[in-house]
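# Quick one: sequence plus predicted model below, questions after.
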Number of protein chains: 2
Amino acid sequence: MKPIQVGLLGIGTVGSGVFNVLRRNQEEIRRRAGRGIEIAMVADLDVERARSVAGSSVQVVNDARAVIANPDIDIVVELIGGYGVAKALVLEAIAAGKHVVTANKALLAVHGTEIFAAASAKGVMVAFEAAVAGGIPIIKALREGLTANRIQWIAGIINGTTNFILSEMRDKGLDFDVVLKEAQRLGYAEADPTFDIEGVDAAHKATIMSAIAFGIPVQFDKAYVEGITKLAAADIRYAEQLGYRIKLLGIAKRREGGVELRVHPSLVPSKRLIANVEGAMNAVVVQADAVGTTLYYGKGAGSEPTASAVIADLVDIARLAAADPEHRVPHLAFQPNTLDEARDALPVLPMAEVVTSYYLRLRVADEAGVLAKVTGLLAGAGISIDAVLQREADEVGGEGATHTDLIILTHDTREGTMNEAIAQMQALPTVLGPIVRVRKEELN
Amino acid sequence: MKPIQVGLLGIGTVGSGVFNVLRRNQEEIRRRAGRGIEIAMVADLDVERARSVAGSSVQVVNDARAVIANPDIDIVVELIGGYGVAKALVLEAIAAGKHVVTANKALLAVHGTEIFAAASAKGVMVAFEAAVAGGIPIIKALREGLTANRIQWIAGIINGTTNFILSEMRDKGLDFDVVLKEAQRLGYAEADPTFDIEGVDAAHKATIMSAIAFGIPVQFDKAYVEGITKLAAADIRYAEQLGYRIKLLGIAKRREGGVELRVHPSLVPSKRLIANVEGAMNAVVVQADAVGTTLYYGKGAGSEPTASAVIADLVDIARLAAADPEHRVPHLAFQPNTLDEARDALPVLPMAEVVTSYYLRLRVADEAGVLAKVTGLLAGAGISIDAVLQREADEVGGEGATHTDLIILTHDTREGTMNEAIAQMQALPTVLGPIVRVRKEELN
């Protein structure tokens, strides 16, 4: 069988990885796929650099549309990123009857419904293993490995930059700003790190996983997104003393009557495997009714780990491109004609309806009766307390300090109820600074 | 499309799980597969019990051959186990043109070459996700998720019984025999636990993974197999003091000129995720050239976890049964006509050729010069020492004791060289009991 012909749009970090891995492992990949995979054409604005990566046997152009228009190309790999030109090109490639492989989580989380519909109508595949958790084959695991299961929840460390920062904050006892600068210097954080540190990138990935897990459409606009910029070294230290680590988790959880879809820092019991995922590594925990808990761990970014996922998609497509569309795995795991009904039955719940437990840190005046007042207020709101940690004033503020930290862990509570309770506690004259709230996930 | 018709051979623990999960999640599974999956017929020697599980809508027989002979059955699920009748039935099902799903690692590790060849010749699929690590979709990950990679090594906790026993030995400081009895009482170990505790079950699974990882045939007869029965609580304690846990690992490693295939207790650095996999859980670490290290964790046995894997295979087959065979994933990941050549290029190395590092425990007389003698002997053999732990005599043997334990960690050494060195040390008059040797894997 003739090698399948691939066109690459963008040959930066990931594109170079795809090129290098395909070249290095071509024999091994052909022995698996039963068919060669050949990059025949590359489009990149920087034609010179592209040529230096791709070599002289590959046609290099600066116009992505020339790749899409090439009738010899079977699969277009979109590695440009973002919502803008990438969206137009993906839709044009589909319209031209090309299969598409993309690592673009932002595009799929926001415009997935439109893109998958276009692909289904045209009878082509859009594959995106590289869009979530880089080299970890989590899309395949969720979509094919766990088909027997009703998935209950997914919780993942799916952004390497923030996990690196949190690991460093814990290891070195440093505050967020300091570690962010170090991460930028080391290349673990971008010059503009907003999408990572504010949780947007993780929310894109959690959105895609929620669709595949529950059979609902991608609904990024309904996701709750909170980053790690407000975490202090003190919170990480207190959490540690209570037996927890703080991780930025992307969570998708099935509840009676709806789905929780949220990204925020979370306390996780230190003894859980996922709490011990350090540095820029990723991991996803899946809880499902038949299999129970499974976990998938690996590199979530980088040139060759991401290329590993892109090429796995190329092989899948190479195998199925000549078969009829009805034998393919649906883009979002479930048959597309069932998604809308599922969305109505299982809407994404507003954040106020989320139920979880909480870590609260209150800076309070070091005087009698403060704890009684605060706990009385929580009791009045029906919020039950799991543990309290009160520091001595001099531990927190130094010799002669007049304030101290009060740490409270609660049992499960509705977020809306907690919001009101926090507002009331904040109004107490003995509560001195803004109350810090970090959600807590037992993940059992 | 008409539901695909499944016949079950054996409806014990796993068979009941398949039945229950298919019934409970039938809507969800149909929404994914695009096609129903129906158990139409069950064969079990205990017809009464089978009927009580399967209900009245399913035909229950006591003759497995009646299922195979039924022209309406598309897929035969073999859940009998063992090499005997199961082998005959699987081959008969293939000859009758049925696809086969099996959880039978013993059968595939020993007779896989014959079975897969028969299936290829007949144009049917033999799927076996449930044969390795139960509910963890590790076969799919290796075979499809990591297709881009040259896999370097796999190391797995792939036997829940032994991991439960080792976890208990560590937690409670008890010796093997005591914990085995407890495990049998709790149902974590069988009445005859030989296959588990002697490492045979893990070796079956490691053999299957080695084939898929390296593109070689299954060669169980070449595997080195060592169980956990000789481990003492003291070894687990000493390992802990040196920063290691002891786990029974199934290892398949690519080396220059060959493959290591071995199962034995191994020291693993405590900080590795896999060292923290406790109780009856399974985990597999895969090191591959593009993606780096990935890890897959979950339940390795049990009714519904295993059923989860069986049903995932049923869905895969339901999707591809009507497509032509060339679009299928090869049974052992690589095109079958390439396996023999790969075996010649990459033979399974004899154990004496394995290279690893070692933990040695010597019971020695508490007198001057013993350490010098032992280390001199190792130096003479060209074995370099990484760490030494010498206990005070009274810590080991109590007040007034005349013997003590000498623990040595070595750097990488050929197993054959180590065998000779151990024989020489054993011959020293100051070495009092049999030397304990546990291999050490850094897994980085």
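That came through, no problem.
# What parts of the stretch 51-200 of chain A come near chain B?
Contacts of the stretch 51-200 of chain A with chain B, taken as CB under 8 Å from any CB of the partner chain, map to A:129, A:135-137, A:140-141, A:143-150. Any C-beta I mention is one placed from the backbone N, CA and C, and that applies to glycine too.
# filter those residues to the buried ones?
With burial judged by 16 or more other CB atoms under 10 Å in any protein chain shown, the buried subset of these is A:129, A:135-137, A:140-141, A:143-150.
# Can you add secondary structure and pLDDT and give the residues of the stretch 51-200 of chain A next to chain B back as JSON lines?
Output for those, formatted as JSON lines (DSSP: H, G, I helix; E, B strand; the rest coil; pLDDT from 0 to 100):
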{"residue": "A:129", "secondary structure": "helix", "pLDDT": "98"}
{"residue": "A:135", "secondary structure": "coil", "pLDDT": "96"}
{"residue": "A:136", "secondary structure": "coil", "pLDDT": "98"}
{"residue": "A:137", "secondary structure": "coil", "pLDDT": "98"}
{"residue": "A:140", "secondary structure": "helix", "pLDDT": "98"}
{"residue": "A:141", "secondary structure": "helix", "pLDDT": "98"}
{"residue": "A:143", "secondary structure": "helix", "pLDDT": "97"}
{"residue": "A:144", "secondary structure": "helix", "pLDDT": "97"}
{"residue": "A:145", "secondary structure": "helix", "pLDDT": "98"}
{"residue": "A:146", "secondary structure": "coil", "pLDDT": "98"}
{"residue": "A:147", "secondary structure": "coil", "pLDDT": "97"}
{"residue": "A:148", "secondary structure": "coil", "pLDDT": "98"}
{"residue": "A:149", "secondary structure": "coil", "pLDDT": "98"}
{"residue": "A:150", "secondary structure": "coil", "pLDDT": "98"}
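# Could you save those as TSV and add columns showing distance to residue B:112?
Converted to TSV, these look like this (distance: CB to CB, whole Å):
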residue	distance to residue B:112
A:129	28
A:135	28
A:136	28
A:137	23
A:140	23
A:141	24
A:143	27
A:144	22
A:145	21
A:146	25
A:147	24
A:148	24
A:149	27
A:150	33
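# farthest pair in those?
A:135 and A:150 (27.4 Å; CB to CB).
# Would you state the helices of the stretch 51-200 of chain A in chain order?
With DSSP state H, counting those that start in this stretch, the ranges of helices along the stretch 51-200 of chain A come out as A:64-69, A:85-95, A:105-122, A:138-140, A:160-172, A:176-186, A:194-197, A:200-214.
# which one of these lies closest to residue B:273?
The minimum distance between residue B:273 and the helices of the stretch 51-200 of chain A falls on helix A:160-172, with 13.8 Å, by CB to CB.
# That closest one: which residues count as buried?
The neighbour-count check on helix A:160-172 (16+ other CB under 10 Å) flags A:160, A:161, A:162, A:163, A:164, A:165, A:166, A:167, A:168, A:169, A:170 as buried.
# Count the residues that sit near residue A:56.
7 (other CB atoms under 10 Å in any protein chain shown).
# before we move on, what about the one 10 residues further on?
When counting by other CB under 10 Å, one arrives at 14 neighbours for residue A:66.
# same question, residue A:287
Per other CB under 10 Å, the neighbour tally for residue A:287 reads 19.
# which SS state does it fall under?
Classification of residue A:287 using DSSP: H, G, I helix; E, B strand; the rest coil returns strand.
# Pretty sure it sits against residue A:152.
Yes. In this structure, residue A:287 is within contact of residue A:152 by CB atoms under 8 Å, at 4.5 Å.
# Check residue A:341 and give its pLDDT.
Looking at residue A:341, its pLDDT reads 88.
# buried set for the helix or strand hosting it?
Using DSSP states H and E, residue A:341 maps to helix A:339-345. Along helix A:339-345, these residues count as buried under the neighbour rule (16+ other CB under 10 Å): A:339, A:342, A:343.
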